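Trainee: here is a sequence together with a model predicted from it:
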Amino acid sequence: MANKFYITTPIYYVNDIPHIGHSYTTIAADALARFNRRLLGENQVWFLTGTDEHGQKIQRASDEAKLTPQEFVDKVMVKFKELWVKLDISYNDFIRTTEERHIKVVQKALEILYKSGDIYEDTYEGWYCTPCETFWPETQLVDHFCPDCHRPVERISEKNFFLKLGKYQQDLIKYIEEHKNFIRPDFRRNEVLSFLRLNKLEDLCISRPKERLSWGIPLTFSPGHVTYVWFDALINYMSAVGSFDEKNNYISKWWDNETEVVHLIGKDILRHHAVYWPIMLMALQQAGVKGVKLPDTIFAHGWWLNKDEKMSKSRGNVISPLFMADKFGVETYRYFLLRDLPFGLDGNFSEEAFIKRFNSDLANDLGNLVYRTLTMVEKYFQGVVPEFSSSGERVKEIAAKLAALPKEVENSLKAESDFNFVRALENIWEKINLANKYVEETKPWNLAKENKTEELKNFIRLLVEAIRKTGAEIAPFMPRTAGTINEELGSGTIKKGKPLFPRIEDQKPKK
Ligand SMILES: [Zn+2]
């Protein structure tokens, strides 16, 4: 069993400012990091994010902005960091691929694989799409256009370096078959498996001639080349948490068998992570590098759409995470992203759905439970939380359900459960609603009127327990709200504040 947890987001490509998709992966990773810190211990979790700063698109974007590539990436990178502060992202490290620590590890990995023969030089001729930085096999072209961006492709012939993907194809298939959690969710795993079974992998071109692209990491064994941006980028997961020693072994606290290594990614970069990356690692193992293992889980999530369309700058339908967080609050934004869409699937983002969730789950269920409970502690017990005395069947039943909650949430947030945020939050809300129902059925105002003090004490005590337990469980999702609840509960004497989530009335969708 792993006793450490290492979670990563992709490093985000800085040719554009952050959008909802970036914030979705990062909030999900943050919730898992926070959850596992509580479960395993603060020092047993490492949460990495960062930025991907090399490649053609960045070279071009910096030209357009009349900046050097370095000036350009320095400027855009800040936008990501600012957003993560705003969204309470508790990352431990932020890696940039232009940093020395990263460049060294990439160059070493390339050297090792060149020496072992898994990287070799050859002449490449093929159809190349410049905007996508991709060579396409003739069979994948659509009427001589790029199958991805639909722009014209060029015939290019040049000397390059290649990674032997084909050599590891059968090993990778076997590995995926034997490791159920390696690629999640299951339908993505099947997608990768059938791709690998039906197609012969061509070796991957991992270099670019400097005359075509200079903004990259130079190959030490071929001064005329820089490395392909994806080879560069994928190594970040290792370069951020370790390095090669003089015997070319990889040394890291976060890449050993005691650590569960989890990569969260968007579905659009599954092939790079589930095919190129494991083969790069297998090739390093084959070259005799010790300390390298395959990640335990690569989880590909779906996309937030706008009216069933992918959000993109060109369509002009991008929703800004900053705008939503400013308008409705960071906590609500975090909650909505993880609650409204099953992790792994696509779904629509709409303000209407946002407000509906806010009013029902946050204002009505959670906010109301906290507010009414604390009001009753003030009204009936002058703000002092009473002790349990005796307890009836119903109290025992609810207490047992509350006690089971942490384990339920833990099970929902495991890799084999597909990091099921929706279910974890349902587990929590089930208890919140149970507590609210308990208020309705108990009618505390009658207990007070009839002077049933013992029953009233037990009733209030149980509600306070319900808030404490559910409040602790929502912390990974809504850290500030959990903090507020904790403060209001105080120790023995409550400090009631304003309602946590006042209903949004004036913005109800019109009929
Ligand atoms: Zn293209």
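Mentor: That came through, no problem.

Trainee: which strands or helices does the lowest-mean-pLDDT helix or strand in the chain pack on?
Mentor: Lowest on mean pLDDT, DSSP states H and E among the helices and strands of the chain sits strand 134-136, with a mean of 82. Judged by 3 or more CB pairs under 8 Å, 6 or more residues apart in numbering; DSSP states H and E, strand 134-136 is in contact with strand 119-129. Where C-beta positions appear, they are placed from N, C-alpha and C, glycine not excepted.

Trainee: does the ion have contacts with the strand it packs on?
Mentor: Yes. Applying CB under 5 Å from the ion, one finds strand 119-129 touching the ion at residue 129.

Trainee: what helices or strands is that strand leaning on?
Mentor: By 3+ CB pairs under 8 Å, 6+ apart, strand 119-129 packs against helix 100-116, strand 134-136, strand 154-163.

Trainee: lowest average pLDDT across these?
Mentor: Across the helices and strands packed on strand 119-129, strand 134-136 has the smallest mean pLDDT, namely a mean of 82.

Trainee: what's that one in contact with?
Mentor: The contact list for strand 134-136 (CB atoms under 8 Å, 6 or more residues apart in numbering) reads 124, 126-129, 146-148, 153, 156, 205.

Trainee: if you set the cut-off to 6 Å instead, what comes out?
Mentor: Around strand 134-136, the neighbours that count as contacts under CB atoms under 6 Å, 6 or more residues apart in numbering are 126-128.

Trainee: quick revisit: export the helices and strands packed on strand 119-129 to TSV and tack on distance to the ion and mean neighbour count?
Mentor: Output for the helices and strands packed on strand 119-129, formatted as TSV (distance: least, CB to the ion, whole Å; neighbours: other CB atoms under 10 Å):
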stretch	distance to the ion	mean neighbour count
helix 100-116	25	19
strand 134-136	6	18
strand 154-163	11	16
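
Trainee: would JSON lines of the ones you listed with distance to residue 391 be doable?
Mentor: Output for the helices and strands packed on strand 119-129, formatted as JSON lines (distance: least, CB to CB, whole Å):
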{"stretch": "helix 100-116", "distance to residue 391": "58"}
{"stretch": "strand 134-136", "distance to residue 391": "66"}
{"stretch": "strand 154-163", "distance to residue 391": "65"}
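
Trainee: looking at these, which is nearest to residue 378?
Mentor: The closest of the helices and strands packed on strand 119-129 to residue 378 is helix 100-116. By CB to CB, the value is 54.9 Å.

Trainee: tilt between the closest one and strand 154-163?
Mentor: In terms of direction (axes from the mean of the first three to the mean of the last three CA atoms, to 10 degrees), helix 100-116 departs from strand 154-163 by 80 degrees.

Trainee: any idea how far the residue of the stretch 301-450 of the chain found nearest the ion lies from residue 323?
Mentor: Using CB to the ion, residue 314 is the residue of the stretch 301-450 of the chain that sits closest to the ion, at 13.5 Å. To residue 323, residue 314 is 19 Å away according to CB to CB, to the nearest Å.

Trainee: residue 99 too?
Mentor: Remark: distance between residue 99 and residue 323 (CB to CB) = 31 Å.

Trainee: those two: which has the busier surroundings?
Mentor: residue 99 (15 against 11; other CB atoms under 10 Å).

Trainee: okay, the residue lying farthest from the centre of the chain: pLDDT?
Mentor: In the chain, residue 450 marks the outermost C-alpha relative to the chain mean, sitting 52.7 Å out by CA atoms, centre = their mean. Per-residue confidence (pLDDT) for residue 450: 93.

Trainee: for it, give me phi and psi.
Mentor: Dihedral pair for residue 450: phi -90, psi 10, per degrees, to the nearest 10.

Trainee: okay, now the unreliable bits of the stretch 301-450 of the chain?
Mentor: Scanning the stretch 301-450 of the chain with the threshold set as pLDDT under 70 gives 390.

Trainee: what residues does stretch 402-415 touch?
Mentor: Residues outside stretch 402-415 that contact it (CB under 6 Å, 6+ apart): 35, 181, 297, 419-420, 423-424, 427, 431, 466, 469, 473.

Trainee: go again using 7 Å as the cut-off
Mentor: With contact meaning CB atoms under 7 Å, 6 or more residues apart in numbering, stretch 402-415 is reached by 32, 35, 39, 181, 184, 262, 296-297, 417, 419-420, 423-424, 427-428, 431, 465-466, 469, 473.
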